[in-house]
Each structure stands twice: as C-alpha cells, then as structure tokens.
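In: Sequence first, then the predicted structure:
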Amino acid sequence: MRPELHAEWTKLRTVAGAGRLLLAVVALTVAVSAAAAATVTCPSARCNYDAAKLSLMGIQVSQAIVAILAVLAISGEYSTGMIRTTLTAMPRRATVLAAKAAILTGLTLAAGTIAVLASVLAGRLILPGNGFTPAHGYPPLSLADAPTLRAAAGSVLYLVLIALLSLGIAAAVRDSAAAIGAVLGVLYLLPIIGSMISDPDWQRLLWKISPMNAGLAVQATTDLTDLPLSPWAGLGVLAAWAAAALFIGGQLLRLRDA
Amino acid sequence: MNTTIPSRSVPRAQRGGLAYLLRAEWTKFRTVRGWVLAVVVAALATVLLGLLTASGSHSSCPEGPCPSPPVGPGGEAVNDRFYFVHQPLAGDGSITARLTSMTGIITYPPPDHDEIVPGLVPWAKAGIIVKQSTEQGSAYAAVMLTGKHGVRMQNNFTHDTAGRPGGVSAASPRWLRLTRSGDTLTGYESTDGKQWTKVGTARLAGLSATVRVGLFVNSPGDLTVERVGLGGSTGQVRFTQTTAVFDQVSLHSKAAGGAWSRVEVGDGPGMTDWERFHRPNGLEQSGGTLTVTGTGDIGPLGAEGGQSIERTLGGAFAGLIVVIVVAVLFITAEYRRGLIRTTLLAGPRRGRVLAAKAIVIGTVTFVAGLAAAGVAVPICTRILRSNGNYILPVTLLTELRVIVGTAALLAVAAVFALALGALFRRSVAAVVTAIVVIVVPYILATTSILPLGAAQWLLRLTPAAAFAIQQSIPEYPQVISHYAPQMGYYPLAPWAGFAVLCGYTALALGSAVFLLRRRDA
C-alpha cells in the first residue's frame, strides 16, 4: 500500500485547494465557536448550559469544509479524467480508496486537533467573562476534566468520520456537486425533519440514526441521561454511516468503469 | 470563395435578444436528463418527506377525540376563558363601571418555584365587555385594565388598542365605559367619571340585536421556558388568578336593571387546589360593589396550541438542497465542458446570458416547488387531522402565501445558487456556500443551544431569514408566548424575511454579471 499512499499524498499535497481548505477548517471552527461562546451569557447558577458543547459549536459549520476536502479528493479526479490515470497506475482500486481514506484521516486529524484545541482555549478565555464562573458551577474548561477531554477528542474524531463518510459518498456518486449535495443532505436534513415531527418516539429515532445529531452527542458533558444515546454510542452511529458509505463507494469503484 | 455562413434560422436582429437566449437556455436545461430528473426528485422528496412526517405524528386524548379549541370570528384558534358577570343588552346602550382594586396571585413563579405569591401577570385583565353570547369564540369588544399594560380596548381576540398606562388603587380608581351603537362599539376611560377619553372603536360586523354585556376578569397562565436536551425547550404554564372590585356600575339601555347572571366562560373540568381551598372564581356582591375573580385568557392561540400548516413542509429542505445542486451545475457544467465559450460567442451580451439562465432555473424550480407545496400542504394536513392532531386554522390567503412563498423561496434560492456558481465557477464551493448560508443558520437557530437573541439575529441577517415566508401563525404583542424560531416564530415579517434572501440574491447576481463581463471565460 506504500506506493498508493505516496501517490495520494503527492496528489493532495500539490493541489492548490487542499491547504486552504484545511486552514479554513481551523479558522471557521475557532471563529464560530468563539462567536457562540461570546453570545451566550450565564447570569445565575441555574443557566444549565453545556460549556464544552458551546465552545465546540464551530464543528457544526466546519464539517462542511471537511466534506469539501473529502469530496474533492476523489470527485476532483473524475472531473479532470485523472481517475483513469490513477487506476491504470494502481489497478487495485480498493487499495486506492483506502490510501485516500488514510491520507484524509491524517490531514483531518491534524487540522481537527488544532481547531479543537484552539476552540477549547477560546472558550476557556471567553466563557468566564460571560458568567461561566466557578460560582455558577462552571470551572474553567480544562482537558484534564474527563468529560471535556472526551468532548474535545470526540470532536476531532467526528471530523475524521465526516471526512470518511464524504469520501465514501463521493466515490459512489462521482460528480462533485451531486456528492457534496448528498453529504450535506445526509448531515443537515435529518435534524431538520426531526425537529419538525411532533411525535417524541419518532423524534428520538430520527435523532439516533442522524449522523450529525448522534455523532455530536460526543460533545455533550451535561444531562447525559436525557440523550437517546450515550456519547460514544452516538459517535458509533456516525462510524457506522462512514463504514457503510466507504464500503458501498469501494464496491462501486471496483465494479464500475471509471 | 464564399465565406458567408449559409442557412441561419434565426434572423441576425434577434440573436442575443432575451427571447432567443431564454430558448437556448431552456433547451440546455431540458436536454440534460439528470437535471430534469433531479427537479422532479426535489418535488417528490418534498411531498414524500411531508407524508412521512405527517403519518408519523399521532396525537390522542384519554377520552376519545381531543377537544378542539374555540375559533374566533376571524377564523383563528383562540383562548376564550374568563369569569363573566352579565345581563342582556337589547339594541344600543352603554355600560360604565368604576374599578377600585385589582389584585391577584401567581403560583410557584421562578426563581425557586416554591411558593404562591401575590401579584398580577402583565396581561391579567379586568373590565367591561360586550359579547355576542356566552359561547366561546363569539364576537366581543372590551375595555379593560391590565396587569402591567394600562387600559386597553380589545376586540375579536386579535385586535388591541392601548389607552393610558398605569394601575389602579382605591385612591386613584379607573373608570371604564363601553357604548354600543349599531355594529360600532366605542371604549372610553376616565379617572373621575366626568372627563372621558376615547380609547378606541371597534366594528363587530353582524352583531345580533340582543347581546350580553357585563363585567369580566381573567388572568393568563404564567409562562416560563426551560431549555431541555436535544436543543429544544419546553414551556411551563402555571395557574394565576385575578380579583377585581367594581362599583358604580351602571347600564343604560331600553330595558336596563335586571339581575346579574354569572358564568365561567370556557371553564375546564378540573380545579386547582388554590381554587378549591382558598378562592374559587366567581362573584361576591355587597350593595353596589361587585368583586369578581377569574382566570384564563381572551386572545389568539399561539403555535403551542396545535400544529401549524408549515410543519408539513419540512421536506422542502430536501428539495432545496437538490435544487441548489442543479442550479449550480446549470452554470458550472458549462465551465467544465468549455460550453461557456460557445454560449458567450452566441450571446455576447453576457449579462443577458446570465439573466436568461436565472429566469429559466427560477421558473423551473418555482413550478416544481409550487406543485410540491400545493400537494404536500393539503394532503399532509388531512393526514395529520386523521391522526388526531389539531391543525391551527388559517385563512385561505395565509395558506396560499405559505405554499406560493415556499415555491418562491426555492426559486430565489436556485437563482442565488446559480449566481454563486457563476462567481466561483466551481461547483463544490458554490454548493457548499449556498447550503451553509441558507440551511445551516436555520439549523443553528432552531435546533441548537444558541440563546434566543442570537438565534433571532441569525434569522434576520442570513439568507435563512426567508423561511419566515412559511410562518402561518403570527406573533401578538398582547399575548405572552414562547416566540422562538423552534416554535415557528421568525423575527422578521414573512415578506421582509423573504426580501433578505432576495437582497442577497440580487447582490450575488450583480457581482456575477460584473465578473462575467470582466473575466475571460
């Protein structure tokens, strides 16, 4: 698999957009998280906010950029015809996809870690000024605190899984615009439908199968008993989506003409 | 050598004309099977998701079908509960009363929710009223003093006119007067019973000759909203009660002077412990002094009272995403295939080319959206009703606005996406930008933990403001309710919100035309 990895790394490294997209992931995560932390105030001990989730809100927007990166990693090749060269040079198609997934995982892991650390730091600096003080039950955000560490590490993994889900969908759909539409549809539609349905059982069911809702459960640090799924089980739902998408994308890549 | 190109089917004068370009763009659109299919899928997804959510929403009451709230003269669902001390009023006449005291209790208010405190909720009401009958939802006009909003004249549930502010005490009583002359009712107030100031007039069309006239008192529930898990919030309404003391009550009419009848309009089956053990709602009469105690509210029912019709259009988001992808491809595919050079050779006036594309994609999505919403709303509301849900009634005009507005929203969003596609010339960037600025603010505002103020600003400043066009139940300043985006209340008026999206679209289209003219294709 080494030559495939090397080839994919060279391709992604030398495309102009990739670096800017990774930078955008970091910038957007931190900017939106800091903006959310700055708008929320906690006037009394009763304000019942989840400080960790609040200071990681930027993930909900920056996941779209991660999706672009992942979609372009494969559908960019289809739009230029590069895919035929790639598959001629490396005929083991599943390995090609695996190499792309590995490179994407590495890049997202790196950008996500920087983004999440910076967001937590921003939350730690901004939130106490808005009433999130120890007197109101909010010690400063710290990664030494186990739930906060889980929320932070889980958010990085969330972004990685979003990248893999997007890669799988793009491998199956091929056209870049349709692929990004499908990815964002899967992510954003289920939460909206869930909020529009009035039946609580259906609402919880949709929440459990929605990759975004369930996956972001990993950010929750308060009221865990109210969640339909435990934080790690929620991330597991997203992992299942990503695995299914990669599997289907890989099978279609093997079976179809490029 | 002959260098002229033979056989030109279109005369030279028409080339580059808008009609010619429209025909060219329409041909391009309809001959790509994937795009036509995608627009059909967008319409089908809108309808099917609506059907799915409608058939998944059940509602039942322990004893048979759930009771429906009363409906006011304007056709809207209303609250109509108050204590009514009344007499018949035949023909024209007037009622005058002096209010000397207004007190009340609020059960278990925040922050500690552990005691019953004396006090009035802001819209507690005590005053005089002329009402068609003692039936809930019948037409009325009333002049009243409120807990915190001074004297008001209200009629037919949705109309509210402010009089003078301030409260009442034995030292500074408030005089109220209401006169009927045909269909017109006029409210007056006074501090001394001599100098009268007009508060307002109301026309109650079709008021019968004999109506009920008298004193009324009520007190809306005290509302607190708490956020719950999953990014939602729940409202909690607690019992409150108002007691008002009237004296110098006089009735002027052809046949005045009967005894007072009493009725609790819209009384529920149960009783709170407060009513059972401390003070029931009712009338105490001693000489000319009438002490009336009541609870409840007279006013329009908010979105918490049932399902609003726009809840059947959740599937429009699926349609929206598909439409955005198609609209972006409509221009970026030309760049990818190099067709744009041919297009611009054939139509050298580049602004017109983009205008023609915008008209074609806008019209196609409008028609598809209209078909989808026009099918989804009537069918899904029928399914919801048969599942025991109460659908908040709206006027035909409002229903049309929701349906046509949804189609217009899809059309303008498509033009916006097209403009982004022309600006970026890259499909992925354009699709993501369009979805992130239209859909994501809506999600953050309705399903996240953002505070109400931040959520409302998101729906004022971003293109997501356009979803206001779907709001069918308006916000009323004279009713305290949880006016939040997740309850279906938008911070901007329907057409104002839609105008925000139109503004962004005009800006994007303008920049796209500018760049298309300047850049090499």
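Out: Noted; the coordinates are in hand.
In: neighbours around residue B:383, how many?
Out: 17 (other C-beta atoms under 10 Å in any protein chain shown). Backbone N, C-alpha and C define where each C-beta goes, glycine included.
In: go on, residue B:359?
Out: The burial count for residue B:359: 16, using other C-beta under 10 Å.
In: cool, the one 3 residues further on as well?
Out: Applying the criterion other C-beta under 10 Å, we find 21 residues in the vicinity of residue B:362.
In: Contact partners for it?
Out: Taking C-beta atoms under 8 Å, 6 or more residues apart in numbering or on different chains, we find residue B:362 in contact with B:411, B:412, B:414, B:415.
In: got the residues of the stretch 251-400 of chain B near chain A?
Out: The stretch 251-400 of chain B has residues B:307, B:311, B:314-315, B:317-318, B:321-322, B:324-325, B:328-329, B:332, B:336, B:389 near chain A, with proximity defined as C-beta under 8 Å from any C-beta of the partner chain.
In: Which ones among those lie within helices?
Out: Counting by DSSP state H, the part of these found in helices is B:317, B:318, B:321, B:322, B:324, B:325, B:328, B:329, B:332, B:336.
In: Lowest-confidence entry in the residues of the stretch 251-400 of chain B next to chain A?
Out: Taken together, those show their lowest pLDDT at residue B:336, with 84.
In: residue contacts, that residue?
Out: Residue B:336 neighbours (C-beta under 8 Å, 6+ apart): A:79, B:427.
In: coming back round to it: which two from the residues of the stretch 251-400 of chain B next to chain A end up farthest apart in space?
Out: Using C-beta to C-beta, those span at most 47.3 Å, a distance reached by B:336 and B:389.
In: before we move on, what SS does residue B:394 have?
Out: Three-state call for residue B:394 (DSSP: H, G, I helix; E, B strand; the rest coil): coil.
In: what's the spacing between it and chain A?
Out: The gap separating residue B:394 from chain A is 17 Å, by C-beta to the nearest C-beta, to the nearest Å.
In: what pLDDT does residue 164 get?
Out: You didn't pick a chain, so chain A it is. On the pLDDT scale, residue A:164 gets 96.
In: not what I meant, chain B
Out: 94.
In: Thought residue B:151 was touching it, still the case?
Out: Yes - if you go by C-beta atoms under 8 Å, residue B:164 and residue B:151 touch, sitting 5.5 Å apart.
In: between those two, what contacts are shared?
Out: residue B:189.
In: neighbour count winner among these two?
Out: Neighbours per residue, other C-beta under 10 Å: of residue B:164 and residue B:151, the larger number sits with residue B:151, 26 against 14.
In: roughly how far apart are the more buried one and chain A?
Out: 34 Å.
In: and that residue, what are its phi and psi?
Out: Per-residue torsions, residue B:151: phi -80, psi 140 (degrees, to the nearest 10).
In: Residue B:410: neighbouring residues, count only.
Out: A count of nearby residues for residue B:410, using other C-beta under 10 Å, gives 31.
In: okay, now the spatially closest residue to it that is not a sequence neighbour: neighbour count?
Out: Nearest non-adjacent residue to residue B:410, counting by C-beta to C-beta, 6 or more residues apart in numbering or on different chains: residue B:369, 3.8 Å away. Number of residues near residue B:369 (other C-beta under 10 Å) recorded here: 30.
In: Tell me which residues touch residue B:369, please.
Out: B:42, B:43, B:46, B:316, B:319, B:323, B:406, B:407, B:408, B:409, B:410, B:411.
In: Ramachandran angles for it?
Out: Main-chain torsions, residue B:369, degrees, to the nearest 10: phi -70, psi -40.
In: Kindly report the same for residue B:148.
Out: phi -130, psi 0.
In: Run through the residues that contact it.
Out: Applying C-beta under 8 Å, 6+ apart, the residues near residue B:148 are B:120, B:122, B:123.
In: Include neighbour count, distance to residue A:169 and secondary structure when you put these into TSV, please.
Out: Below are those laid out as TSV (neighbours: other C-beta atoms under 10 Å in any protein chain shown; distance: C-beta to C-beta, whole Å; DSSP: H, G, I helix; E, B strand; the rest coil):
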residue	neighbour count	distance to residue A:169	secondary structure
B:120	23	58	coil
B:122	12	52	coil
B:123	22	52	coil
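In: Go through those residues and name the one nearest residue A:64.
Out: The nearest one, if we look at those relative to residue A:64 and count by C-beta to C-beta, is residue B:122, at 42.7 Å.
In: Can you list the low-confidence ranges for the chain?
Out: Here I'm looking at chain A. Segments of chain A classed as low confidence (criterion: pLDDT under 70) are A:16.
In: Oops, wrong one, chain B.
Out: Counting by pLDDT under 70, chain B shows low-confidence ranges at B:1-16, B:227-233, B:255-257.
In: 50 instead?
Out: B:1, B:3-4, B:7-8, B:13 (pLDDT under 50).
In: Just give the nearest non-adjacent residue to the closest residue to chain A within the stretch 351-500 of chain B, would you?
Out: Closest contact between the stretch 351-500 of chain B and chain A, by C-beta to the nearest C-beta, is at residue B:427 (3.7 Å). Nearest residue to residue B:427 in three dimensions, chain neighbours excluded: residue A:177, at 3.7 Å (C-beta to C-beta, 6+ apart).
In: Count the residues that sit near the one you found.
Out: 29.
In: I'd guess it is in a helix, am I close?
Out: Yes - judged by three-state DSSP, residue A:177 forms part of a helix.
In: For the spatially closest residue to residue A:141 that is not a sequence neighbour, pull up the helix or strand it's in.
Out: Spatial nearest neighbour of residue A:141, chain neighbours left out: residue A:124 (4.3 Å); criterion: C-beta to C-beta, 6+ apart. Using DSSP states H and E, residue A:124 falls within helix A:93-126.
In: so how far is that helix from its chain's centroid?
Out: Here the centre of helix A:93-126 is set off from its chain's centre by 9 Å, with C-alpha atoms, centre = their mean, to the nearest Å.
In: can you check stretch B:243-257 too?
Out: The answer for stretch B:243-257 is 38 Å, by C-alpha atoms, centre = their mean.
In: Can you show me the strands along chain A?
Out: When assigned using DSSP state E, chain A turns out to have no strands.
In: and residue B:248, that one's in a strand?
Out: Yes - according to three-state DSSP, residue B:248 belongs to a strand.
In: What residues does it make contact with?
Out: If you count contacts by C-beta under 8 Å, 6+ apart, residue B:248 has them with B:96, B:97, B:98, B:193, B:288.
In: Distance of it relative to chain A?
Out: For residue B:248, the distance to chain A - C-beta to the nearest C-beta - is 46 Å.
In: Equivalent analysis for residue B:25, please.
Out: Counting by C-beta to the nearest C-beta, the gap from residue B:25 to chain A is 18 Å.
In: where's that residue, which helix or strand?
Out: Taking DSSP H and E as the definition, residue B:25 sits inside helix B:18-30.
In: what does that helix contact?
Out: B:10, B:14, B:35-36, B:330, B:343, B:346-347, B:352-353, B:355-357, B:359-361, B:364.
In: Go ahead and confirm residue A:36 touches residue A:52.
Out: No - taking C-beta under 8 Å as the definition, residue A:36 is not a contact partner of residue A:52, at 12.0 Å.
In: Just want to know which of these two has more residues nearby.
Out: The neighbour comparison of residue A:36 against residue A:52 (other C-beta under 10 Å) goes to residue A:36, with 27 against 23.
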